[in-house]
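> prediction below, plus the sequence it came from.
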Number of protein chains: 2
Amino acid sequence: MVKKTKYTTLLLSAILVFTISCNQPQNKTEAKATAIESIITDPLPSWNEGTSKQSIIDFVTNTTKEGSADFVPVADRIACFDNDGTLWTEKPLPFQLYFIIDRIKTLALQHPEWKSKQPFKGILEGDLKTAMAGGEKALVEIAMASHAGMTTDEFDKSVKDWMATATHPKTGKHYNEMVYQPMLELLDYLRTNGYKPFIVSGGGIDFMRVWVEEAYGIPPYQVIGSSNNAKYDTTLQPPALIKLAEFNFNDDKLAKPVGIHQHIGKRPVFTGGNSDGDYGMMLYTSTGTGPRFGLYVHHTDSLREYFYDREPGLARLNQGLDDAAKYNWVIVDMKKDWKKIYPYDEKE
Amino acid sequence: MVKKTKYTTLLLSAILVFTISCNQPQNKTEAKATAIESIITDPLPSWNEGTSKQSIIDFVTNTTKEGSADFVPVADRIACFDNDGTLWTEKPLPFQLYFIIDRIKTLALQHPEWKSKQPFKGILEGDLKTAMAGGEKALVEIAMASHAGMTTDEFDKSVKDWMATATHPKTGKHYNEMVYQPMLELLDYLRTNGYKPFIVSGGGIDFMRVWVEEAYGIPPYQVIGSSNNAKYDTTLQPPALIKLAEFNFNDDKLAKPVGIHQHIGKRPVFTGGNSDGDYGMMLYTSTGTGPRFGLYVHHTDSLREYFYDREPGLARLNQGLDDAAKYNWVIVDMKKDWKKIYPYDEKE
């Protein structure tokens, strides 16, 4: 008997170790083993105990427990997350805008005419207010100048180089360091439980894809974002994809459910956002039949990050707060719910 | 010593069994175990021995063997396949056209005016030639009438219902039974070796997503196709996605690399097609650096399927045959290379 127990223990250990080593649960045995793993360790260590954390854990537990009334098959475990303000910081300006500004400065060497032409002049002189006086038209002009007229490979390199060198005006950190540790844990927790996380962002799809795989473990084909048209130019040697100065898709507000439909083709079960720009995909998620989870990151921490919500402007969260109770959305209070904000923060 | 060997054997068996049970290789141990599994069984049993089969096996072996000069990391193992004529039959007409025709007949009950209006009149009277005399304009008209002005859920249901009932004019089989058995084996073989297969088709993305998961094991978020625009209508209760009668993307020819870029964000390593409509993505694949595999299904079997290649018209394969040697594309001869065409065929 003793011998048999030893065999069994060894076998079970081997099974457990090798099953857990699969990154994503692919079958029932793995799902069970990862469930065991989740019970013995805290899956969300940077989250303070409270209703936000508990409701996430309850939802994931209920939707992945076979026999549960809320069980969701692995194939349907689609999770969507906004990026700016949901997975990383977006203040004082969305980080992609800093990329645009820096890129305009670099490209100005090839464009001497920009020195006397707005909005470029303002950007080059550090006078953003004058540059942006032209409103949306000015923004589109600098966005296109920095995002079009080059191959996709050239653009990727420009983002990669920028990310490795540019730093945030307040923290001095590289932008891709300013991702939210509690959200990284949530992504991991969802993946461990068979959920497939997608990014659904108003940010540029090509801008994000360069760095999100390393930052969040989310591969490029699970990223949805705004985009320009592109052209496959076979007159070049070798042929190359050229980014054109034409809008293709603006992945914001009511277009987010459309982007989800076009790229994923399934309605999400779990969605996280932080502004009314995410309201459309939160609504699309929560009006589906069966169990659904909507999470709003509420920027309540002026000390460790930024405080903003209902005031008009970029990243406003107003309608989302008004309708949270109606749709059972969980409002995550960054100040109360999160032990730390960034991976580099000292643990409190 | 005997005891130790027993332990070791048991452990190894457990590891092997549980590793193989993961559907997709996620780590090195699994990749090795699946490689062992491939050696002991023929991964492509419906393929006759020959250069086509051997070159596929050599490529997959070389790109997945660690230490090989051609090794490709799992994250980059992207495989793209056309659908019509590559994964299922497309003759005498592309199957989606039969759906359109049948759908027009069903919808005619709500459109009495169609009885006297081309191209609808021709469709309803079984006179396809007159209906299609209006060329592309007529085709767009019937495509939009059958694919727009409804919710995405309603459209999905119309495809599902049609697929369950409609049958092919020659074989009498349901259309989703007319998938190529050797290609199903290739998809499985690639998946077993860590490749992620995507469909990249000129066919409708919403039309395909309804049935491809069951037919090919390819989930909806790995399907790229042509699409209309859609709108998220929040005035409906519950809010719903409405398919609009406006083109969004025509996923054919030089647009295929663009579709791949927009949806996947990585250049494929392995691509399969069957017509010059796939030439663009074959070129995009084969002009990448490092190991690349291009496969053209050549329709050479007039008895078991259809014979067609260089003659002008739909699904022409001309430029592809001309340039196959230049890009090392493998031309799969359906008559010689495939033991059987459809899963329901008797094995020869």
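Here it is on my side, so go on.
> go through stretch A:48-58 and flag the buried ones.
For stretch A:48-58, the neighbour count (16 or more other C-beta atoms under 10 Å in any protein chain shown) marks A:52, A:53, A:56, A:57 as buried. Any C-beta I mention is one placed from the backbone N, CA and C, and that applies to glycine too.
> between these, which is closest to chain B?
residue A:56 (23.2 Å; C-beta to the nearest C-beta).
> pretty sure the closest one contacts residue A:50?
No. Using C-beta atoms under 8 Å, residue A:56 makes no contact with residue A:50, being 10.5 Å away.
> and residue A:246, which of the three is it?
Counting by DSSP: H, G, I helix; E, B strand; the rest coil, the backbone at residue A:246 sits in strand.
> residue A:52 now?
helix.
> check contacts around the residue of the stretch 101-250 of chain A found nearest chain B.
Of all residues in the stretch 101-250 of chain A, the one sitting closest to chain B is residue A:220 (3.2 Å; C-beta to the nearest C-beta). Residue A:220 makes contact with A:209, A:212, A:213, B:264, B:265, B:266, according to C-beta atoms under 8 Å, 6 or more residues apart in numbering or on different chains.
> how about the strands in the stretch 151-300 of chain A?
A:196-204, A:223-233, A:240-249, A:270-273, A:293-300 (DSSP state E, counting those that start in this stretch).
> export those as a markdown table, with columns for mean pLDDT, mean neighbour count and distance to residue A:120.
Shown next, in a markdown table, are the strands of the stretch 151-300 of chain A (pLDDT from 0 to 100; neighbours: other C-beta atoms under 10 Å in any protein chain shown; distance: least, C-beta to C-beta, whole Å):
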| stretch | mean pLDDT | mean neighbour count | distance to residue A:120 |
| --- | --- | --- | --- |
| strand A:196-204 | 98 | 25 | 19 |
| strand A:223-233 | 98 | 21 | 19 |
| strand A:240-249 | 97 | 18 | 15 |
| strand A:270-273 | 98 | 28 | 33 |
| strand A:293-300 | 98 | 24 | 32 |
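> what's the mean pLDDT across the helix or strand hosting residue A:99?
According to DSSP states H and E, residue A:99 maps onto helix A:95-107. Mean per-residue pLDDT for helix A:95-107: 97.
> give me the contact list for that helix.
So helix A:95-107 is in contact with A:84, A:88-89, A:114, A:120, A:123-124, A:128, A:142-143, A:145-147, A:158-159, A:162, A:166, A:168, A:175, A:178, A:203-204, A:207, going by C-beta under 8 Å, 6+ apart.
> in it, what counts as buried?
Applying 16+ other C-beta under 10 Å to helix A:95-107 flags A:95, A:96, A:97, A:98, A:99, A:100, A:101, A:102, A:103, A:104, A:107 as buried.
> after that helix, next one along is what?
That would be, after helix A:95-107 and using DSSP H and E, helix A:120-124.
> just put the contacts of residue A:220 in JSON lines and tack on neighbour count, distance to residue A:73 and pLDDT.
Output for these, formatted as JSON lines (neighbours: other C-beta atoms under 10 Å in any protein chain shown; distance: C-beta to C-beta, whole Å; pLDDT from 0 to 100):
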{"residue": "A:209", "neighbour count": "24", "distance to residue A:73": "28", "pLDDT": "98"}
{"residue": "A:212", "neighbour count": "25", "distance to residue A:73": "26", "pLDDT": "98"}
{"residue": "A:213", "neighbour count": "17", "distance to residue A:73": "26", "pLDDT": "97"}
{"residue": "B:264", "neighbour count": "22", "distance to residue A:73": "24", "pLDDT": "98"}
{"residue": "B:265", "neighbour count": "22", "distance to residue A:73": "27", "pLDDT": "98"}
{"residue": "B:266", "neighbour count": "20", "distance to residue A:73": "27", "pLDDT": "97"}
